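In: structure for the following, please:
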Amino acid sequence: MKKLFIVFIMIMMGALFLITGCVTDNKSATNRYSIPAKDRLLTPEETDALLEEAQEVYYAGKFNEALAKVSYAYKNYLKFGAKDLPGELRFLRLLLIIAAAMDDFEKVTSYSQAIIGISDDELDKGLCYSVLGGMHNKRSDYKEAIVYCKKALKIVRKKSGDDDIEVGELYSGLATAYSGNGDYKDAVLYYKKTLKNYSKYYAITHPKFAECYNDLGETYSEVKNHKVAIKYYKKALKIDLDKFGSDHKKVAGEFMNLGVEYTDNGEYDLAIGYHKMALESDLKNNRDTSSRISLHYNNLGYAYQKKGAYDDAMSYFWLTFEVLQKSENPSRSSIALCYNNVGTTFYYMKEYGKAVELYLAALEFMSNKSRPERLKIANNYFWIGYLYQKMDKPKEESNHYIKKAYDMYAELLGPDHKKTKNIKKYLK
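Out: Below you'll find the model as predicted:
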């Protein structure tokens, strides 16, 4: 999901720069300064001009250049021995948002602490809390993100009212954090608050609405409410189709989202249609990175598998494998998924021996570093043992794998978990 806090930062930074009068009005070419080759001390006027340039290149997305300019300007400012805090704050604010844009969490934390420590302006605190909330979202520290976004929201609502545009951006940040934390009900609530706020500032065809609709679709997908997810994905697609056309990468991604959702909703022909449109768009526009194309092939294979068209499913799964093999650094987890998908197709075709071979091959590429990954390994162990039972293999062979699955589930989910108890039933 997107981490929407940068627009709020830009708006707030603009307000703070105007309030403190930190930018100069003279933008003529003769007053623009590049960083000197030698470490000479700039005049106050040159320092102000360099700070203004840093702000301009930041908004142009040239973060490294902005950082170099503002750092040099700030270094010169400190050499003046100036004591006025509003002057220093204008440097710290810009350093803060550049650090955020460059995903430098340590510097974001350091600059935030410095700003909060010397500023009495609530807007400064709101800026820091907003940036910290966004950074924690990016780091998947969702509980911390919620804390900071709420602190920022309280300040902005008090200063500017409930209808201010910054409030909408913070609603979006909170929605992202709640969704990441698995609190989907709260996520939906805040995404809808975001939409209501946006309606006061943007036309309903604005891409911001599409972003929010996509997020709502993803959130409803997480709770398996596929019909509602499809509704929001379609809303997003309509906006972006009109805005960008069918060849745009973003639209191809929305075709894929709808394909996945229609598969999960049991509408396989519609799913296949959308996945083919996504694939064709990426191939037509040379977006043929191995990870993206292999994902389309895998999605098509899965849709055909669920439809019961096993030959078609197998064809797309093997295409997935071929693309991954040709790539320079194929994802091991993607290879494991491909083997498992082919194995499951063989299972549906009642070719259990081949299915077991694929499940065993998948294990060679599966990682045991995280809890979700280890649960996937346990699942493979169970299916290997279960298929050995269906193949009338010796009890020792089937029990070997089912016992390994049971032990892992008991460790990861607990012995009283429903899945753990269910696997225990298969131990002979």
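In: contacts only, for V356.
Out: Contact analysis of V356 by Cβ atoms under 8 Å, 6 or more residues apart in numbering lists 343, 384, 387-388, 391. C-beta here means a position set from N, CA and C on the backbone, and glycine is covered the same way.
In: now it: how far from K350?
Out: Distance, V356 to K350, using Cβ to Cβ, to the nearest Å: 13 Å.
In: again with V342
Out: Distance from V342 to K350, by Cβ to Cβ: 15 Å.
In: more crowded one of the two?
Out: V342 (25 against 8; other Cβ atoms under 10 Å).
In: I figured the more buried one hits T320, correct?
Out: No: counting by Cβ atoms under 8 Å, V342 does not reach T320; the two are 9.0 Å apart.
In: where does the chain have low pLDDT?
Out: The chain contains residues with pLDDT under 70 at 1-39, 81-86, 287-288.
In: care to break it down by domain?
Out: 1-197, 367-428 (automatic domain parsing).
In: highest average neighbour count across those?
Out: Most buried of the domains of the chain, by mean neighbour count (mean count of other Cβ atoms under 10 Å): domain 1-197, with a mean of 18.
In: now it: how far from the chain's centre is it?
Out: The chain centroid and the centroid of domain 1-197 are separated by 21 Å under Cα atoms, centre = their mean, to the nearest Å.
In: leaving out chain neighbours, which residue sits closest to Y191?
Out: A175 (4.4 Å; Cβ to Cβ, 6 or more residues apart in numbering).
In: any idea how far that neighbour is from V342?
Out: Distance from A175 to V342, by Cβ to Cβ: 38 Å.
In: same deal with D416?
Out: 34 Å.
In: strands of the stretch 1-150 of the chain, start to end?
Out: Here the stretch 1-150 of the chain has no strands by DSSP state E, counting those that start in this stretch.
In: what are the ranges of the helices in it?
Out: 6-20, 44-59, 63-79, 85-101, 105-118, 122-138, 142-160 (DSSP state H, counting those that start in this stretch).
In: hey, C-alpha coordinates of the second one in PDB?
Out: Output in PDB follows, covering the C-alpha atoms of helix 44-59 (Å, rounded to 0.1, in the frame of the first residue of the first chain):
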ATOM      1  CA  PRO A  44      24.100  35.600   4.500                       C
ATOM      2  CA  GLU A  45      22.500  36.500   1.200                       C
ATOM      3  CA  GLU A  46      24.300  33.700  -0.600                       C
ATOM      4  CA  THR A  47      23.300  31.300   2.200                       C
ATOM      5  CA  ASP A  48      19.600  32.300   1.900                       C
ATOM      6  CA  ALA A  49      19.800  31.900  -1.900                       C
ATOM      7  CA  LEU A  50      21.400  28.400  -1.600                       C
ATOM      8  CA  LEU A  51      18.700  27.400   0.900                       C
ATOM      9  CA  GLU A  52      16.000  28.500  -1.600                       C
ATOM     10  CA  GLU A  53      17.600  26.500  -4.400                       C
ATOM     11  CA  ALA A  54      17.800  23.500  -2.100                       C
ATOM     12  CA  GLN A  55      14.000  23.800  -1.600                       C
ATOM     13  CA  GLU A  56      13.400  24.100  -5.300                       C
ATOM     14  CA  VAL A  57      15.400  21.000  -6.300                       C
ATOM     15  CA  TYR A  58      13.800  19.000  -3.500                       C
ATOM     16  CA  TYR A  59      10.400  19.700  -5.000                       C
END
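In: what is it packed up against?
Out: Applying 3 or more Cβ pairs under 8 Å, 6 or more residues apart in numbering; DSSP states H and E, one finds that helix 44-59 contacts helix 6-20, helix 63-79, helix 85-101.
In: apply 7 Å and report the result again.
Out: helix 63-79, helix 85-101 (3 or more Cβ pairs under 7 Å, 6 or more residues apart in numbering; DSSP states H and E).
In: between the last one and helix 63-79, how many degrees?
Out: Counting by axes from the mean of the first three to the mean of the last three Cα atoms, to 10 degrees, helix 85-101 lies at 160 degrees to helix 63-79.
In: could I get the contacting residues of the closest residue in space to Y77 that isn't next to it in sequence?
Out: In space, Y77 comes closest to T47 once its chain neighbours are excluded; the distance is 5.5 Å by Cβ to Cβ, 6+ apart. By Cβ atoms under 7 Å, 6 or more residues apart in numbering, the residues touching T47 are 73, 76-77.
In: and what of L427?
Out: L427 touches 399, 402-403, 406, counting by Cβ under 7 Å, 6+ apart.
In: let's see it at 10 Å
Out: 385, 395, 398-399, 402-403, 405-406 (Cβ atoms under 10 Å, 6 or more residues apart in numbering).
In: centre of the chain to the helix or strand harbouring H296, how far?
Out: Element membership for H296, per DSSP states H and E: helix 290-307. Remark: helix 290-307 is offset 21 Å from the chain centroid, using Cα atoms, centre = their mean.
In: take the helices of the stretch 1-150 of the chain and lay them out in JSON lines including distance to E166.
Out: Putting those into JSON lines (distance: least, Cβ to Cβ, whole Å) gives the following:
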{"stretch": "helix 6-20", "distance to E166": "5"}
{"stretch": "helix 44-59", "distance to E166": "17"}
{"stretch": "helix 63-79", "distance to E166": "22"}
{"stretch": "helix 85-101", "distance to E166": "14"}
{"stretch": "helix 105-118", "distance to E166": "17"}
{"stretch": "helix 122-138", "distance to E166": "8"}
{"stretch": "helix 142-160", "distance to E166": "5"}
